[in-house]
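> predicted structure and sequence below. I'll ask about it afterward.
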Amino acid sequence: MYTQQHIQQDCLAEVYKEMVEAVGIESMLKLYPLLRGQQINFPVRLYAKEKVSMKISQEYNGKNVHVLSREYGYSSRWVQKVIKEKQEMEEGSRF
């Protein structure tokens, strides 16, 4: 296919120019065959809610809501909601 030596960077489509600037030409050439022709939407959040919910449930120590919210990029209110839901589930399963 394309090799790094044969790429005319001044002729690249804008999205590929941006990729070259962000990750370098070698990485762009690895991504090109995998992603070409696709429209990609990157979520605002880096982490998936479902997986973060599980982590928060495991890591919550009764006092670290703000630490967890900063670490995972979610609001303190959302972290508190996750903790409350887990506690309610645990209480419901006891009966």
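Good, I have the coordinates.

> look up the closest residue to residue 74, ignoring the ones flanking it.
Once flanking residues are discounted, residue 74 sits nearest to residue 52: 6.5 Å by Cβ to Cβ, 6 or more residues apart in numbering. C-betas here are computed from N, CA, C, even on glycine.

> and that neighbour, what does it touch?
72, 74, 82 (Cβ atoms under 8 Å, 6 or more residues apart in numbering).

> try 10 Å this time
45-46, 68, 71-74, 78-79, 82 (Cβ atoms under 10 Å, 6 or more residues apart in numbering).

> and the residue lying closest to residue 3 once chain neighbours are set aside, what is it in contact with?
Nearest non-adjacent residue to residue 3, counting by Cβ to Cβ, 6+ apart: residue 29, 7.8 Å away. By Cβ under 10 Å, 6+ apart, the contact set of residue 29 is 1-4, 7, 16, 19-20.

> mind listing what's buried along the helix or strand residue 29 falls within?
Assigned by DSSP states H and E, residue 29 belongs to helix 25-35. By neighbour count with 16 or more other Cβ atoms under 10 Å, helix 25-35 contains the buried residues 25, 28-29.
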